[in-house]
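Trainee: Generate a structure from the sequence data that follows.
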Amino acid sequence: MHADLLLTARHIETLGRDRPGRTLAVTDGRSTADETAALRGPATVVPEFPGATVVGGDVRLHPARNS
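Mentor: Okay, the predicted model is just below:
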């Protein structure tokens with residue numbers, strides 16, 4: 001099975017990893033940061049963000065509001 005998306009960045013932070021990675025694969029809506037090179041196929045979309053830090057997983061932003 002090939003990944004739908006193979007994202008590359010300077011740092012990719014994911015829960016459960018000891019150190020940041022440089023690639024993140026998404027297949028059927030689920031992400032993995034391991035063995036991503038083997039998941040690249042002919043239809044895999046590969047966006048590159050060379051200077052960015054990406055936070056993988058189910059991350060939600062809750063901005064603080066002044067009352």
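
Trainee: so what's Pro47 closest to, chain neighbours aside?
Mentor: Leu7 (5.7 Å; Cβ to Cβ, 6 or more residues apart in numbering). Yep, even glycine has a C-beta here, placed from its N, CA and C like the rest.

Trainee: can you pull out the strands in the chain?
Mentor: 5-13, 21-27, 30-32, 48-55 (DSSP state E).

Trainee: For the shortest one, which helices and strands make contact with it?
Mentor: Judged by 3 or more Cβ pairs under 8 Å, 6 or more residues apart in numbering; DSSP states H and E, the packing partners of strand 30-32 are strand 21-27.

Trainee: Quick check: neighbours of the strand it packs on in the sheet, parallel or antiparallel?
Mentor: strand 5-13 (antiparallel), strand 30-32 (antiparallel) (DSSP bridges).

Trainee: Counting neighbours, which bits of it end up buried?
Mentor: Across strand 21-27, burial judged by 16 or more other Cβ atoms under 10 Å covers Gly21, Thr23, Leu24, Ala25, Val26, Thr27.

Trainee: pLDDT wise, what is the first one at?
Mentor: Yep, that's Gly21 we're talking about. Looking at Gly21, its pLDDT reads 79.

Trainee: Who does it form a beta bridge with?
Mentor: Beta-bridge partners, per DSSP bridges, of Gly21: Ile12.

Trainee: Counting neighbours, which bits of the least confident helix or strand in the chain by mean pLDDT end up buried?
Mentor: The helix or strand of the chain with the poorest confidence is strand 30-32; it has a mean of 78 (mean pLDDT, DSSP states H and E). For strand 30-32, a neighbour-count test (16+ other Cβ under 10 Å) marks Ser31 as buried.

Trainee: quick one: that strand to chain centroid distance?
Mentor: In terms of Cα atoms, centre = their mean, to the nearest Å, the gap separating the centre of strand 30-32 from the centre of its chain is 8 Å.

Trainee: So which of the strands of the chain is nearest Arg40?
Mentor: strand 5-13 (5.5 Å; Cβ to Cβ).

Trainee: Next, the angle strand 48-55 makes with the closest one.
Mentor: 50 degrees (axes from the mean of the first three to the mean of the last three Cα atoms, to 10 degrees).
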